[in-house]
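Student: Predicted model follows, preceded by the sequence.
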Amino acid sequence: MSAAAIIFAVVGGSIHLVMGFFVAFSGLLAPPWAVAILVAMWLGLAVWWLRGWRRGPHITMGLPLLMVVFWFATLTFGDLVLGWTA
């Protein structure tokens, strides 16, 4: 495995961990059932990262982006359609 591949994997995993902070504190904006869905999504992507970083380390850079999009879409939908307020 090349040094660049290892860097991609480490950076992707680090960004995903930072995203976990935002997911954990989503309870300030969303009800508990929605936070449970966000945490499940985050954990699922973390497992995907752990299982796939050796086979395809470049995909690990996209996992945090996928989580950001899912997190933002969930909170935006909840605010606009379901009436969630902070």
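Tutor: Done, it's in. Numbers count the residues shown, from 1 in each chain.

Student: Name the residues that touch stretch 61-79?
Tutor: Residues from elsewhere that reach stretch 61-79, judged by Cβ atoms under 8 Å, 6 or more residues apart in numbering: 8, 11-12, 15-16, 18-19, 22-23, 26, 29-30, 34, 37-38, 41-42, 45, 48-49, 84-85. Every residue, glycine included, has its C-beta placed from N, CA and C.

Student: Ok, stretch 13-29 next?
Tutor: 34-35, 38-39, 41-42, 45-46, 49, 53, 60-61, 63-64, 67-68, 71, 75, 78-79, 84, 86.

Student: Name the spans of the protein whose pLDDT lies under the cut-off.
Tutor: Counting by pLDDT under 70, the chain shows low-confidence ranges at 86.

Student: Now name the helix or strand holding the spatially most central residue of the chain.
Tutor: Among the residues of the chain, the one closest to the centroid is Met67, at 3.2 Å (Cα atoms, centre = their mean). Secondary structure assigned from DSSP states H and E places Met67 in helix 62-80.

Student: Pull out the buried residues from the contacts of stretch 61-79.
Tutor: The neighbour count (16 or more other Cβ atoms under 10 Å) marks 8, 12, 15-16, 19, 23, 26, 30, 34, 38, 41-42, 45, 49, 84 as buried among these.

Student: Helices - which of those residues land there?
Tutor: Of the buried ones among the contacts of stretch 61-79, the ones assigned to helices by DSSP state H are Phe8, Gly12, Ile15, His16, Met19, Val23, Ala34, Leu38, Met41, Trp42, Leu45, Trp49.

Student: State the distance from the first one to Ser14.
Tutor: Looking back up the chat, that one is Phe8. 11 Å (Cβ to Cβ, to the nearest Å).
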